[in-house]
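Novice: using only what follows, build the 3D model:
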Amino acid sequence: MKTVDVGQVLDEGRWSGYQKLLILGTALTIILDGIDNQLLGNAVPSLMRDWSLPRGAFTTVLALGPLGMMFGGALGGMLGDRIGRRTALLSSVLAFAALTLAIATVNGVMLLGILRFLAGLGLGGAMPNAAALASEYVPRRQRPFAVTLTIVCIPLGGTLAALLSAQILPLYGWRALFLVGGIIPILLALVLFKVLPESPRFLASRRERWPELIAMLRKLGHNVSKDVAFVEAGAGQKGKSKASMRDLFVPNFRRDTIGLFGSFFFCLLVNYVGILLIPVVLTGAGFAQPFPNNALAVWNFGGVGGAIIGALVIQRLGSRITMLSMSAISIIVAFAMAAMPFDPQSTFGVVVMFVVLGGLLNAVQTTMYALAANVYPTEIRGTGIGAAVAVGRIGNVLASYVGNFALDSGGAPAYFSTFGIGMIVVFASLALVRRHIDRTTGAPVAAKVGAPAGH
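Specialist: I've put the predicted structure just below:
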């Protein structure tokens with residue numbers, strides 16, 4: 001019987017068209033995650049008119065979604081380690097889609113808040129499993145790019161949410177918006193249940209599912225016989241079937257886990273201080289509409305470009321020098337923005353600064369998912385990513401309070417200084433991580449499917 005190290009086969013194999021399609025399918029789930037995550041923010045003005053309520057009545061409701069995502073990230077990651085990334089990912093999609101659909105029927109703030117919290121569980125559970133699944137489909141040298149390309153679909157989804165809202169709300173109202181936001185993910189999830197395979201590394205750890213793994217490897221171009229035995233020599237906790245939070249703090253992972261938790265918390269806090277309050281800050285500085293909203297749009301567009309460029313640079317230089325450099329430059333840019341005057345008559349410089357800062361912050365945030373996938377072995381990868389995302393969501397929940405406190409205390413200069421202060425902590429946290437991604441450029445090494453494990 002031949003023994004195959006499935007990790008080596010995938011890590012040193014080629015980057016096939018089939019794998020690119022798998023990454024596309026995974027990325028589609030995160031686009032939908034981004035859409036449903038931002039639908040409520042777009043619908044609030046319509047809800048205020050329909051229910052005759054002030055904006056303040058929705059403050060807690062808006063915070064309940066990220067709170068649900070905090071718990072969903074941790075629970076979804078652990079669930080993925082136990083039942084499979086694909087199953088946990090698509091179950092999360094169905095959950096947040098069904099609950100988004102249910103929001104179309106509500107008639108009060110209390111029920112709206114409950115449904116948003118529950119939908120947040122699904123929204124949070126999708127991201128760590130998508131990151132883990134994307135990392136385990138592809139060769140090692142493409143892993144940072146594949147994971148980043150998947151996670152960067154969150155702001156793309158947010159952009160689509162704004163476009164959908166602009167088209168649907170004026171004609172059909174907010175209930176129709178949530179109907180569309182629920183039906184589309186349900187239909188896509190049902191299709192992906194048929195066509196999206198489970199993580200090959202997860203299948204390798206389940207002997208009863210080896211036939212699925214054999215079929216998948218053949219689609220990837222590997223000639224695998226039926227009597228093959230699978231192992232993964234690089235697995236950090238061989239034979240472990242149930243991952244838990246304790247596994248993240250064993251001596252071998254403790255320092256990396258602390259570094260990841262710090263970087264996720266402060267980077268998500270800083271990013272959402274921007275996402276939630278940039279239009280408010282610019283409006284208060286005297287900029288007329290639609291410039292404040294356009295500034296947030298270029299922040300997101302800069303983030304998409306920055307994340308993709310960051311992932312490509314990581315392949316050439318590794319993640320330590322790339323992520324620390326991006327963090328350091330973002331600190332400089334943030335404090336420069338805190339010192340600069342904002343003149344409503346001179347918008348070009350403001351736009352440039354938002355593109356640069358948005359690009360850097362989003363590049364660091366999205367590539368952190370690839371870093372987390374690199375830190376943890378297959379058996380606890382979902383748990384590790386999910387826990388880091390959950391800690392990050394605490395920063396997400398606190399962002400509006402931190403941003404408003406800064407504005408009340410010192411106006412725009414204090415507000416932009418929070419970006420720099422937060423990114424100093426991110427820099428220190430990333431420096432603490434030991435298992436950074438090595439440079440992965442170079443020609444792939446042909447992996448011999450029949451080679452003994454560990455060779």
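Novice: sketch out the low-pLDDT regions of the stretch 201-350 of the chain for me.
Specialist: Residue ranges of the stretch 201-350 of the chain with pLDDT under 70: 232-243, 289, 293.
Novice: for the residue nearest the centre of the chain, give me its contacts.
Specialist: Centroid-nearest residue in the chain, with C-alpha atoms, centre = their mean: Ile151, separated by 4.1 Å. The contact partners of Ile151, by C-beta atoms under 8 Å, 6 or more residues apart in numbering, come to Ile30, Met127, Ala130, Ala131, Ala307, Thr366, Tyr369. Every residue, glycine included, has its C-beta placed from N, CA and C.
Novice: nearest to Arg246, of those?
Specialist: Comparing those against Arg246 with C-beta to C-beta places Ala131 closest, at 21.5 Å.
Novice: so that closest one belongs to a helix, correct?
Specialist: Yes. Secondary structure of Ala131 (DSSP: H, G, I helix; E, B strand; the rest coil): part of a helix.
Novice: that one contacts Val147, doesn't it?
Specialist: Yes. With contacts counted by C-beta atoms under 8 Å, Ala131 reaches Val147, the gap being 5.3 Å.
Novice: which non-adjacent residue is nearest Val425?
Specialist: Residue nearest to Val425 in three dimensions, not counting chain neighbours: Phe266, with 4.5 Å by C-beta to C-beta, 6 or more residues apart in numbering.
Novice: give me the number of residues near Ile308?
Specialist: Ile308: 19 surrounding residues under other C-beta atoms under 10 Å.
Novice: name the helix or strand for it, please.
Specialist: Ile308 is located in helix 291-317, with elements delineated by DSSP states H and E.
Novice: what's in contact with the helix or strand following that helix?
Specialist: Remark: after helix 291-317, the chain's next helix or strand is helix 319-339, criterion DSSP H and E. Helix 319-339 is touched from outside by 144, 306, 310, 313-314, 353, 356-357, 360-361, 363-364, 367-368, 370-371, 374, 412-417, 419-420, 423-424, 426-427, 430-431, 433, 436-437, with contacts defined as C-beta under 8 Å, 6+ apart.
Novice: are any of the residues you listed buried, and which?
Specialist: For these, a burial check counting by 16 or more other C-beta atoms under 10 Å picks out 144, 306, 310, 313-314, 353, 356-357, 360-361, 363-364, 367-368, 370-371, 374, 412-417, 419-420, 423-424, 426-427, 430, 433, 436-437.
Novice: which helices and strands does the longest helix along the chain pack with?
Specialist: Criterion DSSP state H: the longest helix present in the chain is helix 378-432. Packing partners of helix 378-432 (3 or more C-beta pairs under 8 Å, 6 or more residues apart in numbering; DSSP states H and E): helix 59-83, helix 109-137, helix 254-284, helix 319-339, helix 348-375.
Novice: next, the angle from the first one to helix 348-375.
Specialist: Computed by axes from the mean of the first three to the mean of the last three C-alpha atoms, to 10 degrees, the angle separating helix 59-83 from helix 348-375 equals 30 degrees.
Novice: helices or strands next to helix 59-83 in the packing?
Specialist: Using 3+ C-beta pairs under 8 Å, 6+ apart, helix 59-83 sits against helix 17-51, helix 85-103, helix 109-137, helix 378-432.
Novice: kindly recompute the last result at 6 Å.
Specialist: helix 85-103, helix 109-137, helix 378-432 (3 or more C-beta pairs under 6 Å, 6 or more residues apart in numbering; DSSP states H and E).
Novice: same question, the longest one
Specialist: If contacts are counted by 3+ C-beta pairs under 6 Å, 6+ apart, helix 254-284 sits against helix 291-317, helix 348-375, helix 378-432.
Novice: and the ones you listed, which is most packed in?
Specialist: helix 348-375 (a mean of 24; mean count of other C-beta atoms under 10 Å).
Novice: distance between it and the chain's centre?
Specialist: 12 Å (C-alpha atoms, centre = their mean, to the nearest Å).
Novice: how about stretch 322-330?
Specialist: Relative to its chain's centre, stretch 322-330 lies at 19 Å (C-alpha atoms, centre = their mean).
Novice: check stretch 391-398 too.
Specialist: Remark: stretch 391-398 is offset 13 Å from the chain centroid, using C-alpha atoms, centre = their mean.
Novice: show me the contact partners of it.
Specialist: The contact list for stretch 391-398, computed with C-beta atoms under 6 Å, 6 or more residues apart in numbering, reads Ala63, Pro66, Leu67, Met69, Met70, Gly73, Phe261, Phe264, Phe265, Leu268, Leu269, Tyr272.
Novice: can you give the domain ranges for the chain?
Specialist: As given by automatic domain parsing, the domain ranges for the chain are 3-231, 245-432.
Novice: hang on, Ser346 in a strand?
Specialist: No. Per three-state DSSP, Ser346 lies outside any strand segment and is coil.
Novice: count the residues that sit near it.
Specialist: Neighbours of Ser346 under the rule other C-beta under 10 Å: 9.
Novice: where in the stretch 351-455 of the chain is pLDDT low?
Specialist: 440-455.
Novice: ok, back up a step: if any of the contacts of stretch 391-398 are buried, give me the ChimeraX selection for them.
Specialist: With 16+ other C-beta under 10 Å as the criterion, this ChimeraX line picks the buried residues out of these:
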select :63,66,67,69,70,73,261,264,265,268,269,272
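Novice: how much space separates Leu260 from Phe253?
Specialist: Counting by C-beta to C-beta, to the nearest Å, the gap from Leu260 to Phe253 is 9 Å.
Novice: higher neighbour count, the two?
Specialist: Applying other C-beta under 10 Å to Leu260 and Phe253 shows that Leu260 carries more neighbours, namely 29 against 20.
Novice: surely that one and Ala388 touch.
Specialist: Yes. Applying C-beta atoms under 6 Å, one finds Leu260 in contact with Ala388, separated by 4.6 Å.
Novice: what touches both of those two?
Specialist: Applying C-beta under 6 Å, 6+ apart, one finds that Leu260 and Ala388 are jointly contacted by Ala372.
Novice: put the alpha carbons of the helix or strand where Val147 lies into CSV.
Specialist: Here Val147, judged by DSSP H and E, is contained in helix 143-151. Extracted C-alpha coordinates of helix 143-151, given in CSV (Å, rounded to 0.1, in the frame of the first residue of the first chain):
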residue,chain,number,x,y,z
ARG,A,143,-1.7,30.4,0.1
PRO,A,144,-1.3,34.0,1.2
PHE,A,145,-2.7,35.3,-2.1
ALA,A,146,-5.6,32.8,-2.0
VAL,A,147,-6.7,33.6,1.5
THR,A,148,-6.3,37.3,1.0
LEU,A,149,-8.3,37.2,-2.2
THR,A,150,-11.1,35.4,-0.3
ILE,A,151,-11.2,37.8,2.7
